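S.K.: quick one: sequence plus predicted model below, questions after.
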Amino acid sequence: MQGLKLAIRSLCLLAFATGAIDMVAGVRLLIAGGGRLAAVADDPVLNSQVGFWGAIWFGFGVVLWRASMHLRDEVGLFRILCGTTALSGCARLGAAVAYGLPGPVLTMAMIVEIGAGVGFVIWHAATLRSMRPDALAQAS
């Protein structure tokens, strides 16, 4: 279970870092990631939205970290969070199909979101199935 917790917390650190940067840098982070947004870099509505979603992403990382502390007891919450992560990657995939790939940074984010969202649920379920009942009590 420790390897799974470490992998989950790595994703949380990514959420903390990128969420905080989104809150501070706004659209400029998207431009640095390859977005062709120079003409709207100072748009207050777009920067407000990027900052808002950065805060949501940061908070998502906090809740996921909390769930990773109690993986046996927080199965439902953990699966909802992983499902949300995979769904966000699918939303990126839909945008990529409709509008083209967003560049290497966000394409990698899409792959990580789908892969981690699905992979963590599978890994978690396999880990819980393989544990002895007495070890389950100590795993949370």
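M.R.: Structure received. Numbers count the residues shown, from 1 in each chain.
S.K.: alpha carbons only for contacts and neighbour counts from here, please
M.R.: OK.
S.K.: what residue is smack in the middle of the chain?
M.R.: Nearest to the mean C-alpha position of the chain, by C-alpha atoms, centre = their mean, lies T85 at 5.1 Å.
S.K.: and that residue, what helix or strand is that in?
M.R.: helix 75-99 (DSSP states H and E).
S.K.: which strands or helices does the helix or strand just after that helix pack on?
M.R.: Going down the chain from helix 75-99, the next helix or strand is helix 104-130, by DSSP H and E. Packing partners of helix 104-130 (3 or more C-alpha pairs under 8 Å, 6 or more residues apart in numbering; DSSP states H and E): helix 2-25, helix 75-99.
S.K.: mind putting those into TSV with mean pLDDT?
M.R.: Output for the helices and strands packed on helix 104-130, formatted as TSV (pLDDT from 0 to 100):
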stretch	mean pLDDT
helix 2-25	95
helix 75-99	97
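S.K.: now tabulate these in a markdown table and tack on distance to L46.
M.R.: Below are the helices and strands packed on helix 104-130 laid out as a markdown table (distance: least, C-alpha to C-alpha, whole Å):
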| stretch | distance to L46 |
| --- | --- |
| helix 2-25 | 11 |
| helix 75-99 | 18 |
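S.K.: quick check: G100 vs Q2, distance?
M.R.: 38 Å (C-alpha to C-alpha, to the nearest Å).
S.K.: again with C12
M.R.: 15 Å.
S.K.: so which of those two has more stuff around it?
M.R.: Using other C-alpha atoms under 10 Å, the more surrounded residue of C12 and Q2 is C12, with 23 against 9.
S.K.: please name the nearest non-neighbouring residue to G83.
M.R.: Nearest residue to G83 in three dimensions, chain neighbours excluded: G117, at 5.8 Å (C-alpha to C-alpha, 6 or more residues apart in numbering).
S.K.: my guess is that neighbour contacts I80. True?
M.R.: No: the pair G117 and I80 fails to qualify as a contact (C-alpha atoms under 8 Å) at a distance of 9.5 Å.
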